[in-house]
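Enquirer: What follows is a predicted protein model with its sequence.
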Amino acid sequence: MNVRYLGGLFLASSLFFSAAASATWITITTLGAWKTQPVTDGDGDTTWTWVGGFDQGNIPDATQVVFSEEENAGREFYTLYFFATGSFRPIHGKIAYKWEGSNPLDFYTDVSLSATVAAGAATAIKEIYTDLTCPALLTLRSGGNSVQGSLSPLQSFYVVDTLQFSSGFFWATQNTVVADTVPELDPSAGTGALVLVGGILALLAEGRRAYRAA
């Protein structure tokens, strides 16, 4: 079952004087459902697609997968969680997927990874590739701590996550990727500014004519 929430919190006093904004989107699915249907974020500029043929081990299809996005001051924070509750056998497996952006102004630049398990040991490894046939660009390893890394700006990449958890009743990984947005001139904003300036000049000219007539 998919549960979707899409909302926004906008910090703005008016259209012209807004300086910062924040918005949040989240959706929850299972690994099995994700394998059959790619997930796209709420504003349609990021898609996650499972890549078949690279899975290894015993990660259950019932594993919960949570995708989220938060936008703040020109940065977009995308997080992908894997988690499971209830008693489970030791987990050791790999998942491969493509992380793809469609906004030509957004570039993924920063990555973080953490792993958590209750009553056991946890290891998560994240490898990032431009192509799965090439060496990894970046490898992060978490033994329960949070680790960070940086990317040369990318608009799409592949991820291979290796998950290793001993027996317990809860395990999870948190994968966060940050996208930076290149500022873009808004044509409508420019038109509005020109109209405003033109109006002010017209008023000044009318004032001068009225002054001279008096």
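Expert: Yep, that arrived. Nothing here was measured: the structure is a model prediction, and the numbers come from that model. Numbers count the residues shown, from 1 in each chain.
Enquirer: got the contact list for the residue lying closest to residue 155 once chain neighbours are set aside?
Expert: In space, and not counting its chain neighbours, residue 155 is closest to residue 101: 4.8 Å by C-beta to C-beta, 6 or more residues apart in numbering. Every C-beta, even on glycine, is put in place using the N, C-alpha and C of the backbone. Contacts were defined as C-beta atoms under 8 Å, 6 or more residues apart in numbering; by that measure residue 101 touches 45-46, 107-108, 155-156, 179.
Enquirer: buried ones in the helix or strand hosting residue 169?
Expert: Following DSSP states H and E, the helix or strand that holds residue 169 is strand 168-181. For strand 168-181, burial by neighbour count (16 or more other C-beta atoms under 10 Å) applies to 168, 170-179.
Enquirer: Out of those, which is nearest to residue 64?
Expert: Distance to residue 64 across the buried residues of strand 168-181 (C-beta to C-beta) is lowest for residue 172, with 8.8 Å.
Enquirer: What are the structural domain limits within this protein?
Expert: The record's domain split for the chain, according to automatic domain parsing, is 3-183, 186-214.
Enquirer: Deepest-packed of those, please.
Expert: Ranked by mean neighbour count under mean count of other C-beta atoms under 10 Å, the domains of the chain are led by domain 3-183, which reaches a mean of 16.
Enquirer: Give me the distance from that one to the chain's centre.
Expert: The gap between the average C-alpha position of domain 3-183 and the chain average comes to 7 Å, counting by C-alpha atoms, centre = their mean, to the nearest Å.
Enquirer: Identify the bridge partners of the closest residue to residue 74 other than its chain neighbours.
Expert: If you skip the residues right next to it in sequence, residue 74 has residue 181 as its closest partner in space, 4.9 Å away by C-beta to C-beta, 6+ apart. Beta-bridge partners recorded for residue 181 (DSSP bridges): residue 106.
Enquirer: related to what we said a few turns ago, the contacts of residue 101 in strands, which ones?
Expert: Within the contacts of residue 101, residues falling in strands by DSSP state E are 46, 107-108, 156, 179.
Enquirer: Could you report the separation of the residue sitting nearest the centre point of the chain from residue 178?
Expert: Ranked by distance to the mean C-alpha position of the chain (C-alpha atoms, centre = their mean), the top residue is residue 78 at 2.0 Å. Between residue 78 and residue 178 the distance, using C-beta to C-beta, to the nearest Å, works out to 8 Å.
Enquirer: which residues does residue 168 contact?
Expert: With contacts defined as C-beta under 8 Å, 6+ apart, residue 168 is in contact with 87-88, 117-120.
Enquirer: repeat for residue 88
Expert: By C-beta under 8 Å, 6+ apart, residue 88 lies in contact with 60, 165, 167-169, 171.
Enquirer: ok, what's across the strand from it?
Expert: Here residue 88 sits in beta bridges with residue 168, as judged by DSSP bridges.
Enquirer: could you show me where the helices are in the protein, in order?
Expert: Counting by DSSP state H, one finds helices in the chain at the ranges 31-36, 187-213.
Enquirer: Let me have the domains of the chain in CSV, adding mean pLDDT as columns.
Expert: Formatted as CSV, the entries for the domains of the chain read as follows, by pLDDT from 0 to 100:
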stretch, mean pLDDT
domain 3-183, 83
domain 186-214, 40
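Enquirer: give the contact list for the residue nearest to residue 116 when sequence neighbours are not counted.
Expert: Leaving out its chain neighbours, the residue that sits closest to residue 116 by C-beta to C-beta, 6+ apart is residue 172, at 4.8 Å. Residue 172 makes contacts with 81-84, 115-117, as judged by C-beta under 8 Å, 6+ apart.
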